[in-house]
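> dropping a prediction and its sequence here:
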Amino acid sequence: AAVTDALLTTVPSTFRAGVNDVLLSAFALAVADWRGDDRSSDVLVDLEGHGREEDAVGGVDVSATVGWFTSVYPVRLDVSGLDRAQAWAAGPAAGALLKRVKERLGG
């Protein structure tokens, strides 16, 4: 519960990021480590949107809408040049990665 609480509240709040930014940062770091080499540090993922973003148009209530428009789009996450051990230890590299991911996602 303590880890989940930090993931959903403390980390996003500290970095002015969303939960998805945090999760995708950790995912990109894990995939880069799993690959075990530095030839390509980019991680390409398909993200899905559901088209019911309440903040897309101010004041719109989408709670009464039926269905949604699903979209899938690729995102390339760059893990290159980071000290991965430092990132896993929640050092400055973790913040740098989160910033990269957040900026890539337009946040």
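On my side now, so go ahead.
> any idea which helix or strand comes after the longest helix along the chain?
Criterion DSSP state H: the longest helix present in the chain is helix 19-35. Using DSSP states H and E, the next helix or strand after helix 19-35 towards the C-terminus is strand 42-49.
> now tell me what touches that next one from outside.
Residues outside strand 42-49 that contact it (Cβ atoms under 8 Å, 6 or more residues apart in numbering) are 24, 27-28, 31-32, 70-80. Every C-beta, even on glycine, is put in place using the N, C-alpha and C of the backbone.
> of those residues, keep whichever come out buried.
Leu24, Ala28, Val31, Ala32, Leu77, Asp78, Val79 (16 or more other Cβ atoms under 10 Å).
> now, which of the residues you listed sits nearest Thr14?
Leu24 (16.5 Å; Cβ to Cβ).
> for the closest one, give me its contacts.
Residues near Leu24 by Cβ under 8 Å, 6+ apart: Val45, Val75, Leu77, Val101, Leu105.
> so the fourth one touches Ala26, yeah?
Spelled out, it's Val101. No - using Cβ atoms under 8 Å, Val101 is not in contact with Ala26; the gap is 9.4 Å.
> ranking helices and strands of this structure by mean pLDDT, which lands last?
Within the chain, judged by mean pLDDT, DSSP states H and E, the helix or strand with the poorest mean is helix 2-5; its value is a mean of 84.
> now do that one: distance to the chain's middle.
Centroid separation for helix 2-5 versus its chain: 17 Å, with Cα atoms, centre = their mean, to the nearest Å.
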